[in-house]
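Chemist: Structure for the following, please:
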Amino acid sequence: MGDQCPLCERHRERSAELCEFHSIALANFENAYASWRNAYGSSFTKKEYFATLETLDGTGQAVKDMIQYLRKKGVER
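Modeler: You can find the predicted model right below:
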């Protein structure tokens, strides 16, 4: 798994922990959180963001996988 993305079988980007696909997905995920925080206020935590996304019908498995990965890394706090 040394040169593989921890979320899939693709090769990681050079000096990155994710593949190109998931690196872009993570950037979009973070940008979306900033937008949600602007809408819901600065007290809207990542924990709340993750929990909200998990309850939405339109949330796909890739996003759920990203949430689990980030939780394991302690990013939710």
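
Chemist: pLDDT weak spots in the protein?
Modeler: For the chain, applying pLDDT under 70 flags the ranges 1, 77.

Chemist: Point to the residue nearest the middle of it.
Modeler: Central residue of the chain (Cα atoms, centre = their mean): residue 66, 4.1 Å from the mean position.

Chemist: Pull out the buried positions in the helix or strand containing that residue.
Modeler: Element membership for residue 66, per DSSP states H and E: helix 61-73. Judged by neighbour count using 16 or more other Cβ atoms under 10 Å, the buried positions of helix 61-73 are 63, 66-67, 69-70. The C-beta positions use only the backbone N, C-alpha and C, and glycine is treated the same way.

Chemist: got it, and stretch 47-59?
Modeler: 49-50, 53.

Chemist: Same list, those, but as TSV with secondary structure please.
Modeler: As requested, these are exported to TSV (DSSP: H, G, I helix; E, B strand; the rest coil):
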residue	secondary structure
49	helix
50	helix
53	helix
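
Chemist: Show me which of those residues is closest to residue 4.
Modeler: residue 50 (24.2 Å; Cβ to Cβ).

Chemist: By residue count, which helix of this structure is the longest?
Modeler: helix 20-40 (DSSP state H).

Chemist: CA atoms only: put that helix into CSV for me.
Modeler: The C-alpha trace of helix 20-40 is given here as CSV (Å, rounded to 0.1, in the frame of the first residue of the first chain):
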residue,chain,number,x,y,z
GLU,A,20,-5.2,12.8,-7.9
PHE,A,21,-8.9,11.9,-7.9
HIS,A,22,-9.1,11.8,-4.1
SER,A,23,-6.9,14.9,-3.7
ILE,A,24,-9.3,16.9,-5.8
ALA,A,25,-12.3,15.3,-3.9
LEU,A,26,-10.7,16.4,-0.6
ALA,A,27,-10.2,19.9,-1.8
ASN,A,28,-13.8,20.1,-3.0
PHE,A,29,-14.9,18.6,0.3
GLU,A,30,-13.0,21.3,2.3
ASN,A,31,-14.2,24.1,0.1
ALA,A,32,-17.8,22.9,0.6
TYR,A,33,-17.3,22.9,4.3
ALA,A,34,-16.2,26.5,4.2
SER,A,35,-19.4,27.3,2.3
TRP,A,36,-21.5,25.4,4.8
ARG,A,37,-19.8,27.2,7.6
ASN,A,38,-20.6,30.6,6.0
ALA,A,39,-24.2,29.5,5.8
TYR,A,40,-24.6,28.0,9.2
